[in-house]
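Build me a model:
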Amino acid sequence: MTFGSNWGCFFYSFCLCFAGLGQAIGVDTEMETHLVYVVLEGEPAAEVVVRLRNRGLAKREIAEATRERIAEIATQQDKLVARIGQVQGTVEAQFSRLANAVKVRLPLSQAERLRQIDGVVAVKPVAQFHPLTSTSVPFIGTTNVWNFGKLSATGKGIRIGIIDSGIDYNHAMFGGSGKVADYDRNNPKLIEKGTFPTKKVAGGYDFAGDDYDGNRAPRPDKDPLDCAESSHGSHVAGIAAGVGVLTNGVAYAGGYGKRLNMGKFMIGPGVAPEATLYALKVFGCKGTTGLSVEAMEWAADPDADGDLDDRLDVVNLSLGSSYTYPEFESNAAGRLAKLGCAVVRAAGNSGNNFYALMSMDDLEITVANSMHDGIENNSIEVTAPPALRGHYKAVEAGFTRKLEETGRIVGKLVYADPPQACEVLKNPDAIKGHIALIDRGVCFFLDKIKRAKEAGARAVVVVNNEGGPPIAMGTTGVTIDIPAVMITRRDGLKLKQQLEAEVFVNLGGDVTIGGPELADQLSPSSSRGPVYELQRLKPDLAAPGFNIHSAQAGGGAQPLLSGGTSMAAPHVAGVVALLMEQHPDWSPDTIKAAMMNTAIQTRDENGHPYPETRTGAGRVNPSLAIGTPVVAFDAESPERVSLSFGLLEISEPFLAKRRVTIQNLGSESWSGSIAITNTLANAGVTLAPIEKTVTVPALGQAEIELELKIDPAKVELRSDPTTPPEVTGGPRHIVQEASGQVWIHGKTASTHVPYHMLLRLVGDHRVEESKVAVRKSEGVALVTIPVEGGNAHPAPLASVFQLGYKSPSRRYMERERAARDLRAVGAASNVAELGSVADATLFFGVAMDGPWIVPQSFLTDIQIDLDTNLDGKTDVELSNGSSGDVLVSGDITERELADDAYYTLVKHVESDEFKIAEILNLFPSSERDTALMNNSVMVFAVKAKELSLVEGRSMIRYRFNNIYETTRWLPFDVGGPVLRTANTALDHSPYHPADAPIQVSVDHDAFEVHGIKEGSMPKPLLLFHHNTLETQFDIVSLYQADPDSDGDGLWDDWELNYFESLHEAGRSTDHDGDGFTDASEFVAGTDPTDGASLLRISMPIDVKNETVVLRWNSVPGRRYRVERSNGDPGNWSVLARGLLADSTTLTHTDLRIDNGRQVFYRLVVETD
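Residues are numbered from 1 along each chain as shown. As a prediction, the model looks like this:
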């Protein structure tokens, strides 16, 4: 086998936050170099193969045309290579089979020059990927397929490429000697005679070299031996196609018939034990990789002769990166699949967080991580009360004293107060000498256990806050000298319910217990879809990946226990090999459909089915897939299989039709009835078949039509029961989904296709006039901004800010670039509502030209700099991001730790550390829907005290800062803003209902303080959070006008707020007939059109101890008096006078009441 020159080496980087090849804040683009793919005009060789094959040409003709195209591409690329030096670049790889592209390292500042070269059609980032069995293989039914009569299969004759860290071909799992000494003697940089290739591992290549880590330059060689410290590729390969290792450490010699005894194996056989493996090593011994396209090109043409007919049958990629859609790598994978090579990819291990899943092309088979029934755990023993006696699954922490050192600890469980122990415990006396019971969540495990120790606990039991098994709690560099274990959420609930009866536990027993109830639950770490950027449904399937035994590189014959979607994907790759052997005429598309159509539903610990964005069609079942008589798939996108409706913006009743194709694989006609099951049911969403039955002719196809109806008035905004409202770092934000399965039930077999959609209820709210009058007055003037338009959302929101800066659109076509293009930024403060700077919150609103999908900092590139001491330098930086990055690593660019708990992140420049401030958009989804995801407007918030602002020193300057634009410094007085926008009714925030007139105030006194001319009114910036993405912000110009142009003593803005014109109300009119003239109600601040609206105190009245809190509707700028009486009608005393209203609600507290006597209050408007 020769290695063609088209496979070069390359350094990898993806933290470019690609927006026209820009990058994250703070990088010197003149000096920093990165890798890019320079895509050229013209199709790659794989497209030629597919096109000519579809035309029916012979293999020889196709091979000749392919070689000719490869030669043409080489000539074309030579011309580009000759010019790379002109942009300070170096060529690191060239591609011709799966892409027509050159990989180039260059300064980012030169990227735009590349685009100007003739023949260049795109410049794309190089994506960075990281590495993501004996009971799991029988669990999914594989052993049945090995003994399935005429449908039996073991993978014989099928070639599987493992794109990973290499394979230890010396290991007994792959038919090797099983001797550690043989591995130790093997030089990984060259091939010793007789070592490689082997019968089982028949070929491969090392694209990386052991020292490659994603930063260092790769040093490829011909020996793809796995590193002992990694073992990732060997473990994966063993799951897919290992032969099995007997209990005596010898490789199993074969024979997978009915008499096979799985009990005689130390490591059970892989899913396709007789398939042939190819080791395509893209990782060094540690770190990340950017070499996946090189490996896929090798898989397309293993002997590099230009004839792609010898491509591998299956490739497995247990590698990935969260929150990304790497377009170039995706296209390469899709073309490899079109050649007939099934591409199987791990979904990722970033947990139940929206869009965290790693996926590429629709043709790929993306696999989630489920659990099997052979998982074993250590345990704790509950000794009392009798109703709870027994053993419960438990896992020890990695940073606490080991129970084997302490011996058994027996004691009473005492629940921590607060339960999550994220602050000093309030019940140390109760905990001292006992075992603390603490809930997982919000803060570090280290902090929880430290606080329990400080309170005198002998040990700690932590209750998981997610479904599934307990996890090993970890941290780095610290050890606490009391033991700690974690138990499951379900077991924790049982114990907490019995705490009043006193629960006693025994820690340190040596009893292990199985977990059959975990079967077909998802691992909490399995990444959730949908596909970032494309909004399509993924994953496709689930397979066991939790606690899997397979080969350990360098271990001779020893097993390694590992878990993750990396272990789930090779289960499916092995199943693909079984189906390919049995059905050589089935295409990868048909095999994918067969697996998805026959998958088994997964459910959580409470029996709730997981949403399709977590599990796809369900857990793979090879015995059903291999014998299915029909397959079903989306008629418009057969390679996708699923019906994926994408992101739907719903502003009115919605109707759409989709078709599902049913293909009969058998020689007899097949009939079935059609039904819909809704996993994420929603009253406003209905998917129904037009016809109830279907008949498919033998070896033919038929289509069924489905009708989707969405009634926005009935759409329910809620989360699914398998998704808790909080993640470890705090309350989460969600997207609204509806999903389920389309079933076709036949007499002997049923098939199903997943469906999925994302819902965004939207409208077209906007200000009625771009200019709004402000009455001339002293003090605070109320301004009403009329809003028009409608919205399908039941509670649409607008947030209002004092405009700081407006920027024109750069009109970028790419979403990710438009999402970094600032349109407007403004600030707000709620100091007037809260009364002091110390209590105030500072808000910033931003509007971008295009939507982000999720507001992770490494995807959005939005930063607000604050100059808090007015020296012209940045003192504080505000960014958006998630709690996972800050709480776990402190690195806000860390993709794998990101979660759905989004916050304003604060970094004081002098400390260079990020801290969590307020929730992004202020409200979590469980409290109020602010549509944070798939949006182009966002609200940041930080407490004034976090910025060390106080009375008399509350002036700051701020600016927006990213790769495209750094605005000038913008002044804002947190303690005395000219424009007051906070809404008392919505937690003193800048939010207002968007479906009603919006009221803000202008503080005329602040004009003089800040040296602002009366004619230079501040402009309100309105962000409409639930509008369509094209109309999400408005800017209003304010101007001063005569407050009473018709001279009737009633201010014009007050009249127009209640009446159609200025001529309806006057000094003596009484529109609501309540006995009070409209002029009286104007003075009082009541509603002249509502007879029940009087100058009265609002109910309920808050009575606390010996104080009474009074509230009433008020008019900004008016002064009020409160009077009190003990019951004598003629004896009213003045309680408070001169109460100046600066908002539409005023409060006063009476501190001097006697609870034993009646008290009466009345309000008076002071007119003098």
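
Run the chain-centre distance for stretch 942-960.
Relative to its chain's centre, stretch 942-960 lies at 32 Å (C-alpha atoms, centre = their mean, to the nearest Å).

try stretch 836-846
28 Å.

again, but for stretch 457-464
On C-alpha atoms, centre = their mean, the centre of stretch 457-464 falls 30 Å from the chain's centre.

And the next helix or strand past the helix or strand encompassing residue 686?
According to DSSP states H and E, residue 686 maps onto strand 685-689. Counting by DSSP H and E, the element after strand 685-689 in chain order, helix or strand, is strand 693-696.

Next, the buried residues of that following strand.
In terms of neighbour count (16 or more other C-beta atoms under 10 Å), strand 693-696 has its buried residues at 694, 696. Glycine gets a C-beta too; all of them are placed from N, C-alpha and C.

who touches the helix or strand following it?
Downstream of strand 693-696, the first helix or strand assigned by DSSP H and E is strand 701-710. For strand 701-710, the surrounding residues in contact (C-beta atoms under 8 Å, 6 or more residues apart in numbering) are 635, 643, 645, 648, 650, 653-664, 674, 676, 684-691, 694-696, 742, 744, 757, 759.

Likewise for stretch 632-644?
Outside stretch 632-644, the residues within contact range by C-beta under 8 Å, 6+ apart are 337, 362-363, 530, 535-537, 540, 589, 592-593, 596-597, 612, 616-617, 658-663, 703, 706, 742, 744, 751-757.

Produce a ChimeraX select command limited to the buried residues of these.
Selecting the buried subset of these in ChimeraX, with 16+ other C-beta under 10 Å as the burial test, is done by:
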select :337,362,363,530,535,536,537,540,589,592,593,596,597,612,616,617,658,660,661,662,663,706,742,744,751,752,753,754,755,756,757
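
Remind me what the strand holding residue 686 packs against, helices and strands.
In this structure, strand 685-689 packs against strand 670-680, strand 701-710, strand 736-745, strand 750-761, with contacts taken as 3 or more C-beta pairs under 8 Å, 6 or more residues apart in numbering; DSSP states H and E.

List the neighbouring strands of it plus their orientation.
Using DSSP bridges, strand 685-689 pairs in its sheet with strand 701-710 (antiparallel).

what inclination does the partner strand have with respect to strand 670-680?
Angle between the axes of strand 701-710 and strand 670-680 is 30 degrees (criterion: axes from the mean of the first three to the mean of the last three C-alpha atoms, to 10 degrees).

mind listing the strands for the stretch 901-1050 of the chain?
Using DSSP state E, counting those that start in this stretch, the strands of the stretch 901-1050 of the chain run over 902-908, 913-919, 935-943, 955-960, 970-973, 979-980, 991-993, 998-1003, 1020-1024, 1033-1035, 1037-1041.

is it true that residue 293 touches residue 98?
Yes: using C-beta atoms under 8 Å, residue 293 makes contact with residue 98 at a distance of 6.9 Å.

what about residue 774, helix or strand, and which?
Assigned by DSSP H and E, residue 774 belongs to strand 771-775.

Next, the buried residues of that strand.
Those would be 772, 773, 774, 775, for strand 771-775 by 16+ other C-beta under 10 Å.

Redo these as TSV? Include distance to residue 214 and pLDDT.
Below are the buried residues of strand 771-775 laid out as TSV (distance: C-beta to C-beta, whole Å; pLDDT from 0 to 100):
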residue	distance to residue 214	pLDDT
772	55	88
773	60	83
774	58	84
775	63	75
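
Residue 89: what's it in contact with?
By C-beta under 8 Å, 6+ apart, the contact set of residue 89 is 104, 105, 106, 110, 114.

Tell me which residues are up against the strand holding residue 686.
The contact list for strand 685-689 (C-beta under 8 Å, 6+ apart) reads 674-676, 678, 704-710, 715, 738, 740, 742, 755, 757, 759.

Report the buried residues of that strand.
Here strand 685-689 shows 685, 686, 687, 689 as buried, counting by 16+ other C-beta under 10 Å.

Just name the closest of the residues you listed to residue 952, please.
In terms of C-beta to C-beta, no member of these lies closer to residue 952 than residue 685, at 55.4 Å.

Quick one: the helices in the stretch 701-850 of the chain, in order.
815-818, 831-834 (DSSP state H, counting those that start in this stretch).

swap in the stretch 951-1100 of the chain?
Listed in chain order, the helices of the stretch 951-1100 of the chain (DSSP H, counting those that start in this stretch) span 1004-1009, 1052-1058, 1078-1084.

I'd like to know which elements the first one is packed against.
By that I understand helix 1004-1009. Contacts defined by 3+ C-beta pairs under 8 Å, 6+ apart place helix 1004-1009 against strand 780-785.

For the strand it packs on, which outside residues touch it?
With contacts defined as C-beta under 8 Å, 6+ apart, strand 780-785 is touched by 767, 772, 774-775, 800, 980, 997-1005, 1020, 1022, 1036, 1038, 1053, 1056-1057, 1115-1117, 1141-1142, 1144.

Which ChimeraX command selects the buried ones in those?
The following ChimeraX line selects those of the contacts of strand 780-785 that are buried, judged by 16+ other C-beta under 10 Å:
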select :767,772,774,775,800,980,998,999,1000,1001,1002,1003,1004,1020,1022,1036,1038,1053,1056,1115,1116,1117,1141,1142,1144
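
Spell out which residues make up each domain of this protein.
33-126, 135-372+522-580, 376-514, 766-1041, 1102-1166 (automatic domain parsing).

out of the ones you listed, deepest packed?
domain 135-372+522-580 (a mean of 24; mean count of other C-beta atoms under 10 Å).

Let me see the mean pLDDT of that domain.
Averaging pLDDT along domain 135-372+522-580 yields 92.

ditto for stretch 625-645
Averaging pLDDT along stretch 625-645 yields 97.

distance between the ends of it?
The first residue of stretch 625-645 is 26 Å away from its last residue (C-alpha to C-alpha, to the nearest Å).

For it, buried residues please.
Residues of stretch 625-645 classed as buried: 625-628, 630-635, 638-645 (neighbour count, 16+ other C-beta under 10 Å).

name the element the nearest residue to residue 593 once chain neighbours are set aside belongs to?
Nearest residue to residue 593, sequence neighbours excluded (C-beta to C-beta, 6 or more residues apart in numbering): residue 631, at 3.9 Å. If you go by DSSP H and E, residue 631 is part of strand 630-634.

need the next SSE after that strand, C-terminal direction.
The helix or strand immediately downstream of strand 630-634 is strand 643-650, counting by DSSP H and E.

and the angle from that next one to strand 630-634?
Using the same axes, to 10 degrees: strand 643-650 against strand 630-634 is 30 degrees.

The helix or strand following strand 643-650: partners in the sheet, and parallel or antiparallel?
As assigned by DSSP H and E, the chain's next helix or strand after strand 643-650 is strand 654-664. Strand 654-664 has its sheet partners listed here by DSSP bridges as strand 630-634 (antiparallel), strand 701-710 (antiparallel).

could you point out where the stretch 801-950 of the chain is predicted with low confidence?
887-889 (pLDDT under 70).

follow-up on the earlier one: of all pairs in the buried residues of strand 685-689, which one is the farthest apart?
Using C-beta to C-beta, the pair of the buried residues of strand 685-689 lying farthest apart is 685 and 689, separated by 15.1 Å.

With that, I have no additional questions.
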